[in-house]
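J.: Whatever this is, show me its structure:
(2 chains)
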Protein chains: 2
Amino acid sequence: MPFRSPVSEYRFLLDEIVDFAKVAATDAYGEASPETVEAILSEVGKLSEEVLAPLNRNGDLDPAVLENGVVRTSKGFADGYKAIAEGGWLGLSAPADHGGMDLPQTLTCVVNDLFSAACLSLGLNPLLSQGQIEALDHHAPDWMKETYLPKLISGEWTGTMNLTEPQAGSDVGALSSKAVPNGDGSYAVTGTKIYISWGDHDFGGNVCHLVLARLPDAAPGTKGISLFMVPKYMVNEDGSLGDPNSLRVQSLEHKMGLHGSPTCVMQFDGAIGWLVGEENKGMAAMFTMMNNARLGVGIQGIGVAEGALQHAFAYAMDRKQGKTPLDGKPGGTGTIIDHADVRRMLTTMKADTFAARAIALACGVAIDMETATGEKEWGARAAFLTPIAKAFGTETGMRVSEMGVQVHGGMGFIEETGAAQYSRDVRVTAIYEGTNGIQAMDMVARKMMDGGEMATTLIEEIEAQAETARADLPELGGAVWEAAETLREATEWMIAQGDLNDRFAGAVPYLMGFARVLGAHYHLKAAMTEDGDGPRTRLARFYINRLLPEHVGHLAHATCGAEDLYALTAEELSA
Amino acid sequence: MPFRSPVSEYRFLLDEIVDFAKVAATDAYGEASPETVEAILSEVGKLSEEVLAPLNRNGDLDPAVLENGVVRTSKGFADGYKAIAEGGWLGLSAPADHGGMDLPQTLTCVVNDLFSAACLSLGLNPLLSQGQIEALDHHAPDWMKETYLPKLISGEWTGTMNLTEPQAGSDVGALSSKAVPNGDGSYAVTGTKIYISWGDHDFGGNVCHLVLARLPDAAPGTKGISLFMVPKYMVNEDGSLGDPNSLRVQSLEHKMGLHGSPTCVMQFDGAIGWLVGEENKGMAAMFTMMNNARLGVGIQGIGVAEGALQHAFAYAMDRKQGKTPLDGKPGGTGTIIDHADVRRMLTTMKADTFAARAIALACGVAIDMETATGEKEWGARAAFLTPIAKAFGTETGMRVSEMGVQVHGGMGFIEETGAAQYSRDVRVTAIYEGTNGIQAMDMVARKMMDGGEMATTLIEEIEAQAETARADLPELGGAVWEAAETLREATEWMIAQGDLNDRFAGAVPYLMGFARVLGAHYHLKAAMTEDGDGPRTRLARFYINRLLPEHVGHLAHATCGAEDLYALTAEELSA
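T.: All right, here's what the predicted structure looks like:
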């Protein structure tokens, strides 16, 4: 069964769950009318189904390779990319004065969800350009905006992020690439960067590298880092491409998955670059790009979950095996979807995908509302939801694609089936753009510097809705309210820890517990849109009865403190 | 860091946790003295470290291939296999009158754990021969025992299991391979079998296929299945190899992992075979082989967990990144193992591996005690623990190897690191030999046909030990006792369900919840061996405080019944 874009699901989430109408009601986003949204969903849905999804296996079987110093991409990827660019999808949320559509980030989230579901490895490319567009829009000098933004927005050129070095992964402050002023306003950038996704390709146009490096007299650590635009080709005054810059792809990584996306080791040898933002303020500019990308990576996980779910459904509706409890009964399909355990897996996959998607889109709405209104609370909400959206979205991608393999039985382990590819591809999303551990530490430290105010606000919203739900859905409302109380206690415990390491010691399970409860909140909200016992209510009941109770384990784990982690010495642990 | 055989860990488990001395005290296993065990651990430990572990990457990078109808195995595998055979390890638990050592299965478990940790893809080969040896010993006619057993036990020949057909996976009764009597006591076997692990190789000797097929007048379903020995080469009267039989490897599967193990599609075209056991009683004979293999597959998961754990430890003890809370303090290593979240992951990996291994070895001891004493209760215990050992062992393998990737950060996704291979290789163990869903259904149906007697016996043992522990370890003992009570309630709920589908609807989470509590029982037992707060006690505290609470979510999920699974129709689910 080919990939089918879940357009009505997005519609439901936007309309009924995350209140996208609020965004469309702002002056800034007045263009985002229901008709515009419908048109976008329909166009991107078609593109994803007809152009991108058919490329997904190619990317795995015919990986990007390095030939004579140039990346040759998987068969069909260049055409697929061209279709994305021609649709204008790179510029959906980009500034209109440089050719973008200035539409809400929430809609870009939906677009990236579809791209990721259809073909994660190609879909990663526009995600990087989008982040770069946002960083340039906020931090680049005008001449650079005028030169680069129109080309990035049209998709003629693509963008990359060059942060990581072999000795500096999560600890960005340890990077050692150098940038020496050339005296003409440009800099000579030298260093090795690793894990550079889409560091090169054969789609034509320029590859625009945003590179973190140090000025000669820079302070150590993150305070001495500056950001530079270092293009693959020099740009002539008329905007045409000039001489190649002094940079090259040294090698491609051989990865567990995502084979269609070339992951490059980049070598910069005195390559000419220009400062983006202020000297020594590169981290601030990079954070603009990273925050955007973090939500985008969470969305990648959700997109893959969607793809894996549809793939497993199709198999379960086709495969006959054993006598099922519904054989000969009304509603029986005669296929394995009627076995209780298969149905348990598929319903889990569906319920978790809904929960993760609701969280991510709520984060998108908060970003848009902050942009549109400038209200700090929206910013705080977006900041708090971003690590949850990233980590829970990608965990959901892993969990759902692993279950997708399991639904296939023996066929799941055979690559031809395609189920295993989802599981291999999505694995990196829990790692890149800040590992999920880093996300969770961000959540319990930086995102709780408000004394837990935003966390508490969310918990109160969850409880208020649960109270309301008690009238019509007493059991579900009651269960969500109880869970929110447990989350409140865990949150109070977190806030009370003066030593951040006590928070870090439970950060990942705390984030997962929070996401579990937040997911229940959105499922409950979905149930409340129905009169009587509709399918949303029945899915909510499944989630709340079967998956929500996981929060108990997570939150117990979250509140143990750091002491027991260090009670075993490193030597005892490795004994 | 090279693989290091955890010999002292096995020693501790055998001596202090699963009471292996009880096995060695029986007449049947009097040979299994502490000195013998020590010698075995030391020999197999060395073999695993020096010969097998260095082959593991080869198996992935240089997969087995089919060339001109013959399987060519990965570089070094033939020598590795030869070393296993020459050590006598295929016959450790095989009958002495055919060249085996007649030692307890528990020791074979330890050997397979080591082989799996060092090189899963090659280690799978002896596992299959061991199962075949047991099946022949129980069911084959004497002439067949005399012909085949000495060669299988010496490792000169290898064995396979041929169950699955394209239309008959978990539903073995749907198989359609035919066996027609030739009139001379032999049968002509015809059919296609898939997923045949090690269906061929270039190690020399014979490949002995045990094949399930139907006689011409056989009843439909599992009651019409017979088991046949179908060798690759006919065997001359003097035991030498004669003409090739009418069978061939049609193709090899391209798999997510375990590339070193050739997974064959086998074609039997009137191949000559001989009946094993009685006509139409093939399933009984096959179950002997499968039960053995199920525990063996659980052990595979645990072995891979061990390998992934050591690999991640080594990385975490080497990799420097960021300032850790222990920098400049006593016990600080200056490496990422000192970060709370990394230590949380590594300690989880260690604690879960211990729990899964304790369960599997307890199952091994029950098997041996049944063999040695003939007491039914030991048999019931082994039967009950087998699906738990299989499913929890393999889930642990998946969870631990996934965390191992995460500990590596970006490097985890790069294949050269080796972390991803553990994750890919172990994935199949949750599927083959009966998916973990099938294991869980076996547990709540067939293994509870005693009215839950064995489940209750185990829960009472857990509670009795927890009571005892309360004197010295009140918090840990109390937590385990409470968890056992929750397990008791869930168990009573299970037993009370007349409709098996209500049990099936929660079978997997029930099994996982049971394993969580049982794991706590063994951790508590380990803590009780120490005077004061030793490393076992500190690890037990970690497990009981942080991981045991997961049972709450599992057991809530387990006891929802089937109704909500079918509340959403297949159409609604796939909408």
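J.: which residue lies farthest from the center of chain A?
T.: The outermost residue of chain A relative to its centre, with distances by C-alpha atoms, centre = their mean, is A:Gly328 at 43.6 Å.
J.: just checking, that residue is part of a helix?
T.: No - with DSSP: H, G, I helix; E, B strand; the rest coil as the criterion, A:Gly328 is coil rather than part of a helix.
J.: can you tell me if stretch A:478-492 touches chain B.
T.: No - on the criterion C-beta under 8 Å from any C-beta of the partner chain, stretch A:478-492 is out of touch with chain B, staying 9.9 Å away. Quick note: C-beta positions are derived from backbone N, CA and C, even for glycine.
J.: what about A:Ile302, which helix or strand?
T.: Using DSSP states H and E, the element containing A:Ile302 is helix A:282-316.
J.: helix/strand/coil for A:Ile272?
T.: strand.
J.: ditto for A:Val211
T.: Under the three-state scheme (three-state DSSP), A:Val211 adopts strand.
J.: circling back: is chain B within reach of the helix holding A:Ile302?
T.: Yes - shown here: helix A:282-316 in contact with chain B (C-beta under 8 Å from any C-beta) through A:Gln310, A:Phe313, A:Ala314.
J.: Buried only: go through those for me.
T.: A:Gln310, A:Phe313 (16 or more other C-beta atoms under 10 Å in any protein chain shown).
J.: want to throw the residues of helix A:282-316 next to chain B into CSV with pLDDT?
T.: Listed next are the residues of helix A:282-316 next to chain B as CSV, based on pLDDT from 0 to 100:
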residue, pLDDT
A:Gln310, 98
A:Phe313, 97
A:Ala314, 97
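J.: Closest one of the residues of helix A:282-316 next to chain B to chain B?
T.: Closest to chain B out of the residues of helix A:282-316 next to chain B is A:Phe313 (4.4 Å), distances taken as C-beta to the nearest C-beta.
J.: quick one: the residue farthest from the centre of chain A from chain B, how far?
T.: 14 Å (C-beta to the nearest C-beta, to the nearest Å).
J.: can you pull the pLDDT of that residue?
T.: pLDDT, A:Gly328: 90.
J.: The one 10 residues further on now?
T.: With respect to pLDDT, A:Asp338 scores 96.
J.: Same question for A:Glu67.
T.: Looking at A:Glu67, the pLDDT reads 95.
J.: and if you look at the one 3 residues further on?
T.: pLDDT recorded at A:Val70 is 92.
J.: That one - how many residues pack around it?
T.: A:Val70 has 12 neighbouring residues, counting by other C-beta atoms under 10 Å in any protein chain shown.
J.: Could you give the backbone dihedrals for it?
T.: Here is the backbone geometry of A:Val70 (degrees, to the nearest 10): phi -120, psi 140.
J.: A:Leu275 too?
T.: phi -70, psi 130.
J.: measure it to chain B for me?
T.: For A:Leu275, the distance to chain B (C-beta to the nearest C-beta) stands at 27 Å.
J.: Verify the stated contact: that residue with A:Leu215.
T.: No - A:Leu275 is beyond contact range of A:Leu215, at 9.2 Å (criterion: C-beta atoms under 8 Å).
J.: what sits in contact with each of these two?
T.: By C-beta atoms under 8 Å, 6 or more residues apart in numbering or on different chains, A:Leu275 and A:Leu215 have these common neighbours: A:Tyr187, A:Ser226.
J.: Of those two, give the one with the bigger neighbour count.
T.: Ranked by neighbour count (other C-beta under 10 Å), A:Leu275 and A:Leu215 place A:Leu275 first, with 23 against 18.
J.: which residues sit in contact with the more buried one?
T.: A:Pro141, A:Tyr187, A:Ser226, A:Leu227, A:Phe228.
J.: Just to be sure, the last one is in a helix?
T.: It refers to A:Phe228. No - A:Phe228 is assigned strand when assessed by three-state DSSP, not a helix.
J.: residue contacts, the residue lying closest to it once chain neighbours are set aside?
T.: Take A:Phe228 and drop its neighbours on the chain: the residue closest to it by C-beta to C-beta, 6 or more residues apart in numbering or on different chains is A:Gly273, 3.6 Å away. Contact partners of A:Gly273, counting by C-beta under 8 Å, 6+ apart, are A:Ala179, A:Ser186, A:Tyr187, A:Ala188, A:Val189, A:Val211, A:Ala213, A:Phe228, A:Met229, A:Val230.
J.: so what pLDDT did A:Gly273 get?
T.: At A:Gly273, the pLDDT value in this model is 98.
J.: Which residues of the stretch 1-150 of chain A lie near chain B?
T.: Residues of the stretch 1-150 of chain A lying near chain B (C-beta under 8 Å from any C-beta): A:Ser8.
J.: Going by residue numbers, what spans are helices in the stretch 1-150 of chain A?
T.: In the stretch 1-150 of chain A, the helices defined using DSSP state H, counting those that start in this stretch lie at A:7-12, A:20-24, A:34-47, A:56-61, A:77-86, A:105-139, A:142-154.
J.: I'd like to know how many residues surround the residue in the stretch 101-250 of chain A positioned nearest to chain B.
T.: Closest to chain B within the stretch 101-250 of chain A is A:Asp171: 3.9 Å, counting by C-beta to the nearest C-beta. A:Asp171 has 15 neighbours, counted by other C-beta under 10 Å.
J.: which one is it nearest to, not counting chain neighbours?
T.: Among residues not flanking A:Asp171 along the chain, B:Gly322 sits closest, at 3.9 Å (C-beta to C-beta, 6+ apart).
J.: Ramachandran coordinates for that neighbour?
T.: Phi and psi for B:Gly322, reported as degrees, to the nearest 10, are phi 70, psi 170.
J.: Kindly report the residues of the stretch 251-400 of chain A close to chain B.
T.: Counting by C-beta under 8 Å from any C-beta, the stretch 251-400 of chain A comes close to chain B at A:253-258, A:310, A:313-314, A:317, A:320-322, A:325-326, A:331, A:333, A:337-347, A:350, A:398.
J.: again, only this time at 7 Å
T.: A:253-256, A:313, A:317, A:321-322, A:325, A:331, A:333, A:337, A:340-341, A:343-344, A:346-347, A:350 (C-beta under 7 Å from any C-beta of the partner chain).
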